[in-house]
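# requesting a structural model of the entry that follows:
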Amino acid sequence: TSVLLVKPVDARGSETFACGTMGGESPQRNIVTSSPKCNQMHRTPRLLIITRNLPPLIGGMERLNWHIAQELSNYAEVTVIGPRGSAALAPPRVTIHEARTSKLSSFLVRGLFSGIVIARSWRPAVVLAGSGLTAPLVVLAAKLSGAKSAVYTHGLDLVVKHPVYRMVWLRFIARADIVLVNSSATRELAVQAGIDPHRIRLVHPGVALPMNTTAENESFRQQHHLGDSKLLISVGRLTQRKGIREFVRGVLPKVVARFPNCRFVVVGGSPANALAAPAQSVESIREAAAEAGVAESVVFVGSVSDQELSAAFRSADVHVFPVREVPGDPEGFGMVAIEAAAHGLATVAYRTGGVPDAVSDGRSGRLVDPGDEGDFARAVIELLDQPLEPEATVAFARGFAWDCVGKRLARALNLRVSQDVLTGASHPPN
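Here you go, the predicted structure:
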């Protein structure tokens with residue numbers, strides 16, 4: 001019988017979850033099979049997810065929540081309340097009810113109303129917030145329907161300094177029955193925020209393991225006129241925390257001095273409607289590059305599709321993740337480093353926030369002390385001279401494969417159901 005092993009991580013009671021198999025029955029403690037009012041009617045647990053972070057919006061959080069819904073549909077009937085346009089992109093077996101808006105304030109209002117209506121009529125076992133942003137909606141909907149409430153936190157949603165956020169949102173996060181955290185660093189932030197350690201569950205985000213498509217890799221280089229240059233790549237929103245301007249000013253010149261034909265490809269744009277993430281504009285990064293004498297080495301490609309992103313990873317020689325320590329804006333995990341590793345691409349990153357959970361020093365990349373630009377440049381040059389074994393890098397990423405992460409999430413949310421029960425699962429009417 002496939003089960004999940006539960007391992008304590010500290011004396012305060014928080015737990016981490018790992019994949020595994022063992023014979024015999026699974027532990028029965030704290031297993032939820034349905035909400036109290038529909039135990040006799042449904043053998044399959046029901047899960048309601050409320051999140052604004054879903055495709056067609058673009059970003060790592062959006063991909064994360066899409067995969068969470070997809071994987072948890074193997075363990076529960078899943079319904080999601082998402083933004084405008086998300087229903088057309090729903091994973092198989094998942095029903096999405098659109099809040100008919102992508103605007104943040106409107107989504108919170110409409111999401112709250114829809115969440116309460118669906119939760120009271122459908123009676124899910126668990127209501128899950130894709131981030132701290134929708135925690136008030138989830139806790140209220142769960143309370144009014146007799147469900148358990150859960151919030152997946154990512155670091156920033158625990159340290160926002162705005163007084164209204166701390167008075168309202170943070171209190172609702174603390175009231176959730178289960179608080180999921182994406183890294184060891186985020187777990188510490190949750191404890192510091194006053195969340196009961198016994199409610200905290202550590203579940204790292206997952207990664208989709210890619211197929212090898214050499215033709216697409218060559219196409220990416222041709223499309224952006226990159227030739228056979230050594231390629232560094234950065235992927236993500238252009239916020240101050242990501243440190244791209246500082247990398248261009250303080251690190252890239254040292255790398256270009258060693259490899260004059262090196263190109264730095266920047267994938268992503270400035271954030272829109274971010275919780276609290278000051279941006280670095282493309283113009284300011286270009287100016288820094290010009291001042292440092294490396295303007296010709298920097299290539300901006302903007303936002304790309306998942307297929308193009310996979311080709312970009314496979315085309316690159318090193319992924320750089322120069323995350324800075326910015327007060328009030330921590331790096332919760334560093335999912336992009338796992339995505340790079342899944343493509344056999346090593347990462348160089350500063351050892352800050354949750355990044356050490358996402359980069360295995362010497363196996364999937366190199367970790368450097370925060371702010372040490374000289375060591376960062378040396379680590380990049382070393383990997384360009386002598387790359388890590390791609391097989392070892394991919395093997396590290398396999399520990400974050402979505403099927404395994406789905407099991408960890410199901411166990412953390414106390415969802416347990418056999419696969420054969422899922423046939424004919426019912427969802428609330430559209």
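# contacts, neighbours, all on C-alpha from now
Fine.
# where do the strands sit along the stretch 251-400 of the chain?
Along the stretch 251-400 of the chain, counting by DSSP state E, counting those that start in this stretch, strands occupy 263-267, 298-302, 318-321, 347-350, 365-368.
# deepest in the core, which of those is it.
Mean neighbour count (mean count of other Cα atoms under 10 Å) peaks for strand 347-350 among the strands of the stretch 251-400 of the chain, with a mean of 28.
# in terms of secondary structure, what does that strand contact?
Contact here means 3 or more Cα pairs under 8 Å, 6 or more residues apart in numbering; DSSP states H and E; on that basis strand 347-350 packs against strand 318-321, helix 335-342, strand 365-368, helix 373-385.
# off-centre distance for the third one?
Between the mean C-alpha location of strand 365-368 and the chain-wide mean there is a distance of 20 Å, by Cα atoms, centre = their mean, to the nearest Å.
# can you show me the CA trace of that strand as PDB?
Output of strand 365-368 as PDB, limited to C-alpha atoms (Å, rounded to 0.1, in the frame of the first residue of the first chain):
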ATOM      1  CA  GLY A 365      24.700  24.500  -8.600                       C
ATOM      2  CA  ARG A 366      26.700  26.800  -6.400                       C
ATOM      3  CA  LEU A 367      25.700  28.800  -3.300                       C
ATOM      4  CA  VAL A 368      27.500  32.000  -2.500                       C
END
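# pull the contacting residues for the residue nearest to residue 323 when sequence neighbours are not counted.
Once flanking residues are discounted, residue 323 sits nearest to residue 242: 4.5 Å by Cα to Cα, 6 or more residues apart in numbering. Contact partners of residue 242, counting by Cα atoms under 8 Å, 6 or more residues apart in numbering, are 236, 321, 322, 323, 324.
# could the strands of the stretch 251-400 of the chain be laid out in JSON lines, adding distance to residue 248 and mean pLDDT?
Output for the strands of the stretch 251-400 of the chain, formatted as JSON lines (distance: least, Cα to Cα, whole Å; pLDDT from 0 to 100):
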{"stretch": "strand 263-267", "distance to residue 248": "9", "mean pLDDT": "97"}
{"stretch": "strand 298-302", "distance to residue 248": "8", "mean pLDDT": "95"}
{"stretch": "strand 318-321", "distance to residue 248": "11", "mean pLDDT": "98"}
{"stretch": "strand 347-350", "distance to residue 248": "14", "mean pLDDT": "98"}
{"stretch": "strand 365-368", "distance to residue 248": "17", "mean pLDDT": "98"}
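# check the protein for its longest helix and report it.
Criterion DSSP state H: the longest helix present in the chain is helix 104-122.
# could you list every helix and strand in contact with it?
Identification of packing neighbours for helix 104-122 by 3+ Cα pairs under 8 Å, 6+ apart yields strand 46-50, strand 77-82, helix 135-145.
# nearest to residue 127, of the ones you listed?
Closest to residue 127 of the helices and strands packed on helix 104-122 is strand 46-50 (Cα to Cα; 4.7 Å).
# show me which residues of the closest one are buried.
The neighbour-count criterion (16 or more other Cα atoms under 10 Å) identifies 46, 47, 48, 49, 50 as the buried residues of strand 46-50.
# export it to PDB, keeping only CA atoms.
Coordinates of each C-alpha in strand 46-50 appear next as PDB, following Å, rounded to 0.1, in the frame of the first residue of the first chain:
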ATOM      1  CA  ARG A  46     -13.800  17.400  -1.700                       C
ATOM      2  CA  LEU A  47     -11.400  20.300  -2.000                       C
ATOM      3  CA  LEU A  48     -12.100  23.900  -2.800                       C
ATOM      4  CA  ILE A  49      -9.200  26.100  -3.800                       C
ATOM      5  CA  ILE A  50      -9.500  29.900  -3.900                       C
END
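# wait, residue 357 touches residue 184, no?
Yes - counting by Cα atoms under 8 Å, residue 357 touches residue 184, with 7.2 Å between them.
# ok so, going back, ranking the helices and strands packed on helix 104-122 by burial, who's on top?
Using mean count of other Cα under 10 Å, strand 46-50 ranks as the most buried of these, with a mean of 29.
# tell me the average confidence for that one?
In this model, strand 46-50 has an average pLDDT of 98.
# same for the helix or strand just after it, what does it pack against?
Sequence-wise, the next helix or strand downstream of strand 46-50 (DSSP states H and E) is helix 60-72. The contact analysis (3+ Cα pairs under 8 Å, 6+ apart) places helix 60-72 against strand 77-82, helix 402-412.
# for the closest residue to residue 320 other than its chain neighbours, give its distance to residue 177.
Nearest non-adjacent residue to residue 320, counting by Cα to Cα, 6+ apart: residue 348, 5.0 Å away. Distance from residue 348 to residue 177, counting by Cα to Cα, to the nearest Å: 37 Å.
# among the helices and strands packed on helix 104-122, which comes closest to residue 308?
Closest approach to residue 308 among these is made by strand 77-82 (24.9 Å; Cα to Cα).
# what about residue 381, neighbour count?
Residue 381: 18 surrounding residues under other Cα atoms under 10 Å.
# any idea how far the residue nearest to residue 412 when sequence neighbours are not counted is from residue 403?
Distances taken as Cα to Cα, 6+ apart place residue 201 nearest to residue 412, at 6.3 Å, with adjacent residues excluded. Noted for residue 201: a distance of 18 Å to residue 403, by Cα to Cα.
# neighbour count winner among these two?
Set side by side, residue 201 and residue 403 show more neighbours around residue 201, with 27 against 19, by other Cα under 10 Å.
# tell me which other helices or strands the helix or strand containing the more buried one touches.
Assigned by DSSP H and E, residue 201 falls within strand 200-202. Applying 3+ Cα pairs under 8 Å, 6+ apart, one finds that strand 200-202 contacts strand 15-21, strand 178-181, helix 184-192.
# about what we covered before: what's the angle from the longest helix of the chain to strand 77-82?
Inter-element angle recorded for helix 104-122 and strand 77-82: 150 degrees (by axes from the mean of the first three to the mean of the last three Cα atoms, to 10 degrees).
# show me what secondary structure element comes after helix 104-122.
Following helix 104-122 in sequence, per DSSP H and E, is strand 126-129.
# and that following strand, what other elements does it pack with?
For strand 126-129, the elements it packs on are strand 46-50, helix 135-145, strand 148-153, judged by 3+ Cα pairs under 8 Å, 6+ apart.
# adding distance to residue 333, write those out as a markdown table.
Shown next, in a markdown table, are these (distance: least, Cα to Cα, whole Å):
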| stretch | distance to residue 333 |
| --- | --- |
| strand 46-50 | 21 |
| helix 135-145 | 20 |
| strand 148-153 | 11 |
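# among these, which comes closest to residue 384?
Comparing the helices and strands packed on strand 126-129 by their distance to residue 384 (Cα to Cα), the top pick is strand 148-153, with 35.2 Å.
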